[in-house]
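sequence and predicted model, in that order:
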Amino acid sequence: MARRKSNAPPSVTRPPPGQQKLSSAERSGLYARREAANVLRTVLRGDAKRRAVASIKSLVLSPSVRNKRGTYALVCETLKHLNVIKEVLEIANILNSKWKRQEALVYIICYDILFGKKETAAVADAEKFLLRHKDALLSGVATLLVKKKVESVDDLLDRSQLPDLIPRYARVNTLKIDVDSAVKELEKLYKVQKDETVPDLLVMPPRSDLHAHPLVMNGRIFLQGKASSMVAAALQPEAGWDVLDACSAPGNKTVHLAALMKGQGKVIACELNEERLKRLEQTVKLSGATNIKVVHGDFLSLNPQDPSYAKVRAILLDPSCSGSGTVTNRLDHLLPSHSADNTKYDAMRLHKLAVFQKKALAHALSFPQVERVVYSTCSIHQIENEDVVSSALPLASSLGFELATPFPQWQRRGLPVVEGSEHLLRMDPVEDKEGFFIALFTKTNKVDSPDSSELPERECRRKRNQSSDQAHPLLWPKVYRAWRWSLQGRKRKLV
Ligand SMILES: C[S@@+](CC[C@H](N)C(=O)[O-])C[C@H]1O[C@@H](n2cnc3c(N)ncnc32)[C@H](O)[C@@H]1O
């Protein structure tokens with residue numbers, strides 16, 4: 001017989017005979033713990049296989065999660081306490097194979113019982129089982145404190161792992177609403193400022209909760225971070241152009257391109273992954289853009305000579321990357337693998353990613369009419385950033401491209417391991433709260449448009465030799481410290 005697929009345990013909708021009806025608080029606690037367990041299960045499975053799954057935030061934002069704020073808080077708190085919970089469970093030694101198979105739910109309920117603010121009710125089998133062993137769990141906590149020679153559970157948590165508070169950014173979808181009208185609407189709830197770098201980006205206090213705001217729900221604003229919003233702005237596509245977004249899902253930058261082009265011309269959005277393609281289509285629909293053509297396929301297999309791409313003048317290449325710049329933002333630093341020694345694995349993975357990134361950048365440069373290519377990653381690693389640019393420089397030069405300087409007023413530039421590093425843009429995980437990288441290639445034999453002085457870039461001719469003193473990726477922190485030191489030196493001289 002086919003089983004009903006649902007997140008809700010059967011007892012929620014239909015209590016078994018003899019079981020008392022749940023109060024609304026008990027029912028919502030029960031739901032919150034199941035929703036949180038589903039998210040935690042996905043995240044832990046991905047982490048165990050060292051495979052990037054969606055971030056906690058994006059899993060929580062999926063339509064199947066009803067209590068988004070509560071679920072997010074419960075998953076994050078459980079992850080922060082995960083090492084403690086695991087040790088307590090080991091000391092208490094209460095799990096049989098049945099409950100070991102449901103580890104995510106067990107962790108969530110243990111968090112609730114041991115550290116949650118409200119009393120946990122015995123509303124379903126898992127809660128009943130763990131509450132029956134509550135004394136053993138509490139005594140496990142006491143044993144752990146003695147073993148670790150600390151006074152409170154707080155002392156067992158690594159405070160340095162807690163993320164800094166990041167401002168809430170919202171990009172105005174100018175296809176649907178102008179910036180001032182969006183500001184006026186949002187000001188009813190929060191203090192709103194216009195971002196100083198990206199004209200259609202708004203900044204609000206950290207934790208401003210806009211997920212269910214009508215402007216978000218109807219696609220008038222997108223909850224897109226600053227770095228992500230800088231990429232399409234750096235490309236500066238003109239209205240009427242054909243523009244290609246090479247690796248496009250979930251489509252935040254795709255719809256930003258369409259907005260910058262005022263809905264005129266064509267945006268071709270290529271995406272390989274079928275699941276993510278659906279997200280891309282949803283984003284496009286929400287944006288209201290009518291000039292986006294979605295292509296399901298491998299960017300590397302697109303034939304630059306195909307007439308469909310003959311008129312492409314700008315390419316945005318934001319390929320899969322390690323995501324190391326968004327680790328804190330994604331809360332990946334709370335995952336078990338983060339504390340493990342993954343050096344060897346990381347080096348292999350980074351190498352594999354870089355191989356693809358280099359191929360994709362070379363491919364982007366080879367489209368016949370392309371005159372602007374932006375390459376971006378949310379990685380802090382040189383191997384995915386400066387090294388990829390460096391590998392493309394000889395080809396770029398032979399095709400008449402040079403590095404341009406996106407956002408010249410931006411202070412943090414590329415690591416000095418490649419000729420022209422001063423044109424590259426970096427965001428710093430500490431100073432800017434996320435690590436990001438942008439490189440912009442432009443063809444200089446094109447005639448500038450009359451208002452080119454307003455473009456957010458400076459172009460500069462460079463002799464581009466591949467740098468020989470490339471640092472090993474895993475030595476990156478040293479290069480990075482030297483680079484920051486030199487930046488501070490520059491700043492000191494300026495003062
Ligand atoms: C970093 S994400 C892009 C994020 C997107 N630019 C945005 O801002 O919403 C990289 C995307 O590239 C896709 N991808 C990876 N390899 C690809 C390929 N060979 N061709 C097309 N898409 C690819 C991945 O599935 C993923 O959706």
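Done, it's in.

how close does the spatially closest residue to residue 166 that is not a sequence neighbour get to the ligand?
Nearest residue to residue 166 in three dimensions, chain neighbours excluded: residue 433, at 4.7 Å (CB to CB, 6 or more residues apart in numbering). No exception for glycine: its C-beta is placed from N, CA and C like everyone else's. Distance, residue 433 to the ligand, using CB to the nearest ligand atom, to the nearest Å: 18 Å.

quick check, residue 433 in a helix?
No: per DSSP: H, G, I helix; E, B strand; the rest coil, residue 433 lies outside any helix segment and is coil.

hmm, residue 169 and it touching each other?
No: look at residue 433 against residue 169 with CB atoms under 8 Å: they stay out of range, at 10.4 Å.

state the distance from the residue nearest to residue 166 to residue 200.
Applying CB to CB, to the nearest Å, the value for residue 433 to residue 200 is 20 Å.

what residues does the protein have near the ligand?
228, 247-253, 270-273, 276, 298-300, 318-320 (CB under 6 Å from any ligand atom).

from those, list the buried ones, please.
228, 247-253, 270-272, 276, 299, 318-320 (16 or more other CB atoms under 10 Å).

in helices, which of the residues you listed appear?
Among those, DSSP state H puts 228, 252-253, 276 in helices.

as CSV, those residues with pLDDT would be great.
Shown next, in CSV, are these (pLDDT from 0 to 100):
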residue, pLDDT
228, 96
252, 97
253, 98
276, 94
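
what confidence value was assigned to whichever residue of the stretch 151-300 of the chain sits closest to the ligand?
Nearest residue of the stretch 151-300 of the chain to the ligand (CB to the nearest ligand atom) works out as residue 247 at 2.9 Å. pLDDT for residue 247: 98.

give me the contacts around the biggest strand by length in the chain.
What stands out as the longest strand in the chain, according to DSSP state E, is strand 436-443. Residues outside strand 436-443 that contact it (CB atoms under 8 Å, 6 or more residues apart in numbering) are 227-228, 230-231, 234-235, 325, 365, 370-380, 384-385, 389, 392, 396, 399-406, 414, 423-427, 457, 459.

that strand pairs with which strands, parallel or anti?
Strands that pair with strand 436-443, judged by DSSP bridges, come out as strand 372-377 (antiparallel), strand 401-406 (antiparallel), strand 425-427 (antiparallel).

any idea how far the nearest residue to residue 186 once chain neighbours are set aside lies from residue 204?
Distances taken as CB to CB, 6+ apart put residue 192 closest to residue 186, at 4.8 Å, once the chain neighbours are dropped. According to CB to CB, residue 192 stands 6 Å off from residue 204.

quick check: neighbours shared by the two?
residue 186.

going along the chain, name the strands of the stretch 251-400 of the chain.
266-271, 292-296, 312-317, 372-377 (DSSP state E, counting those that start in this stretch).

now those strands in TSV, with mean pLDDT?
Converted to TSV, these look like this (pLDDT from 0 to 100):
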stretch	mean pLDDT
strand 266-271	98
strand 292-296	98
strand 312-317	98
strand 372-377	98
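
got a list of what residue 114 touches?
81, 85, 88, 137-138, 141.

give me the phi and psi angles of it.
Phi and psi for residue 114, reported as degrees, to the nearest 10, are phi -90, psi -40.
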